[in-house]
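I would like the atomic coordinates for the input below:
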Amino acid sequence: MELGNGKLLRTGLNSLNQAVHPTHGLAWTDGNRVILTDLRLQRGVAKFGDSQVIGKFEYVCGVSWAPLSIAHTPTLLAIQHQKHVAVWQLCPSTSGSSKWQMSQTSEIRESLPILPQGCVWHPKDAVLTVLTAQDVSVFPNIHRDGCRVKVDINTKGRIYCACWTLDGQRLVVAVDSSLHSYMWDSSQRSLQSCSFCPVFQVSRSIRSIAATADSQKHVGPAEERAVLLCEGKLRLSTVQQMFGLYLVEMLHDSHWILLSADSQGFIPLTFAASQMVVVRDGSLSTPELARGSPSHNRDPILPPGGFGDFAAQNADTAGCFSSVA
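Here you go, the predicted structure:
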């Protein structure tokens with residue numbers, strides 16, 4: 001069934017992002033109208049029903065539903081325009097028909113154009129994140145007041161996209177070729193840089209990120225072990241035997257380094273008690289690395305517990321270990 005025709009703002013834009021509501025169906029736009037189409041799943045097959053126009057505007061960039069959160073709260077729909085976002089509430093028609101009516105609850109205005117898919121809802125609450133090329137703002141109580149929490153991004157790079165982890169505890173923002181991670185405190189309505197790995201560098205520009213698991217989960221078969229230190233030192237052979245690896249890479253200052261051993265077999269680093277160390281299989285890198293020559297032109301994978309719940313890379317983390325005195 002063809003819903004309509006319209007120009008996408010750029011190649012590969014996901015025009016149906018956050019567009020399906022389990023009760024109200026599919027919300028979409030042709031650039032001027034916002035249309036609601038009944039959508040039902042019958043024996044695993046999507047079936048489209050009637051459509052109705054619920055709003056007409058001068059220009060619409062996109063639409064996205066707020067999540068189903070607390071019971072008895074209104075159904076919210078964010079309508080993205082060029083430099084502002086209008087949040088509308090869906091209500092049953094007062095005429096007694098099956099159609100829905102919209103009423104605007106709040107409006108957000110920005111000095112710069114809002115990014116394509118620049119409206120990102122919190123996965124569990126009516127908390128809206130709005131992105132421009134220079135700023136990220138979080139609106140924690142969008143249907144009641146216009147309270148704004150600006151994300152402190154300590155860089156002059158260009159913002160491209162952002163997403164929440166599925167548990168709603170962390171917001172990750174892509175700035176050029178780096179991922180910036182922030183912990184969300186819902187009670188204080190504040191964001192703080194992630195203490196474990198606040199910034200993670202990727203070797204190429206990032207244009208899209210998506211959460212694939214809760215913050216407590218990892219990508220790949222990660223294992224966690226505890227080891228004993230010898231005056232802050234650790235033998236490379238111990239790590240190799242723990243995870244069954246020949247070449248071992250360790251996450252160090254947001255970069256992956258290939259571990260080697262000194263003349264006594266120790267890793268030439270000093271570890272602290274209770275320190276968490278993330279390692280992976282170094283032989284999965286490149287043929288040059290497998291022969292002992294590190295390559296600096298490949299994509300690093302995302303470490304577990306830091307950014308490991310975002311789909312972006314293609315290698316598996318071997319595991320991590322905690323050092324004890």
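
give the contact list for Leu171.
Contacts for Leu171 were tallied using Cβ atoms under 8 Å, 6 or more residues apart in numbering; they are Thr129, Val136, Val138, Val151, Ala162, Cys163, Trp164, Thr165, Ser181, Tyr182, Trp184, Leu191. (Glycine included, C-beta is placed from N, CA and C.)

give me the beta-bridge partners of the fifth one?
Applying DSSP bridges to Ala162 gives these bridge partners: Val173.

what does the second one give?
Here Val136 sits in beta bridges with Leu131, as judged by DSSP bridges.

Could you give the number of residues near it?
By other Cβ atoms under 10 Å, 24 other residues sit near Val136.

What score does it have for pLDDT?
Model confidence at Val136, given as pLDDT, is 94.

Quick check: it vs Asp152, distance?
Look at Val136 and Asp152: by Cβ to Cβ, to the nearest Å, they are 9 Å apart.

now the last one
Between Leu191 and Asp152 the distance, using Cβ to Cβ, works out to 8 Å.

Please apply the same query to the fifth one.
Distance from Ala162 to Asp152, counting by Cβ to Cβ: 14 Å.

Which residue is the nearest non-sequential neighbour of Lys150?
Ser137 (5.4 Å; Cβ to Cβ, 6 or more residues apart in numbering).

Distance of that neighbour relative to Cys161?
Remark: distance between Ser137 and Cys161 (Cβ to Cβ) = 15 Å.

who has more neighbours, the two?
Using other Cβ under 10 Å as the criterion, Ser137 and Cys161 rank with Cys161 on top: 19 against 15.

so who does the residue nearest to that one when sequence neighbours are not counted touch?
Leaving aside its sequence neighbours, Cys161 sits nearest to Ala174 (Cβ to Cβ, 6+ apart; 4.9 Å). Residues near Ala174 by Cβ under 8 Å, 6+ apart: Ile159, Tyr160, Cys161, Ala162, His180, Ile206, Arg207, Ser208, Ile209.

could I get those residues as a markdown table with secondary structure?
Below are these laid out as a markdown table (DSSP: H, G, I helix; E, B strand; the rest coil):
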| residue | secondary structure |
| --- | --- |
| Ile159 | strand |
| Tyr160 | strand |
| Cys161 | strand |
| Ala162 | strand |
| His180 | strand |
| Ile206 | coil |
| Arg207 | coil |
| Ser208 | coil |
| Ile209 | coil |
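
Go through those residues and say which is closest to Leu258.
Of all the contacts of Ala174, the one with the least separation from Leu258 (Cβ to Cβ) is Ile206, at 24.5 Å.

Make sure that closest one is actually in contact with Asp176.
Yes: in this structure, Ile206 is within contact of Asp176 by Cβ atoms under 8 Å, at 7.4 Å.

what do the two both touch?
Tyr160.

Look at Gln201 and say how many residues are nearby.
For Gln201, the count of nearby residues is 12 (other Cβ under 10 Å).

where's it relative to His21, distance?
37 Å.

cool, and Trp65?
Trp65 sits 5 Å away from His21, taking Cβ to Cβ as the criterion.

between these two, what contacts are shared?
Contacts common to Trp65 and His21, judged by Cβ under 8 Å, 6+ apart, are Ala27, Thr75.

distance between the longest helix belonging to the chain and the chain's centre?
Looking across the chain with DSSP state H, the single longest helix is helix 236-243. Helix 236-243 sits 33 Å away from the centroid of its parent chain (Cα atoms, centre = their mean, to the nearest Å).

model confidence over it, on average?
If you average the pLDDT values across helix 236-243, you get 84.

Format the CA atom coordinates belonging to it as PDB.
What follows is helix 236-243, C-alpha atoms only, in PDB (Å, rounded to 0.1, in the frame of the first residue of the first chain):
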ATOM      1  CA  LEU A 236      50.800 -10.800  29.800                       C
ATOM      2  CA  SER A 237      50.600 -14.600  29.800                       C
ATOM      3  CA  THR A 238      48.000 -14.400  32.600                       C
ATOM      4  CA  VAL A 239      45.700 -12.300  30.400                       C
ATOM      5  CA  GLN A 240      46.400 -14.500  27.400                       C
ATOM      6  CA  GLN A 241      45.500 -17.700  29.300                       C
ATOM      7  CA  MET A 242      42.400 -16.200  31.000                       C
ATOM      8  CA  PHE A 243      40.800 -15.400  27.700                       C
END
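
Can you report how many residues lie near Val277?
19.

Quick check: it touching Phe271?
Yes: at 6.9 Å, Val277 counts as touching Phe271 under the criterion of Cβ under 8 Å.

Good, we can wrap up now.
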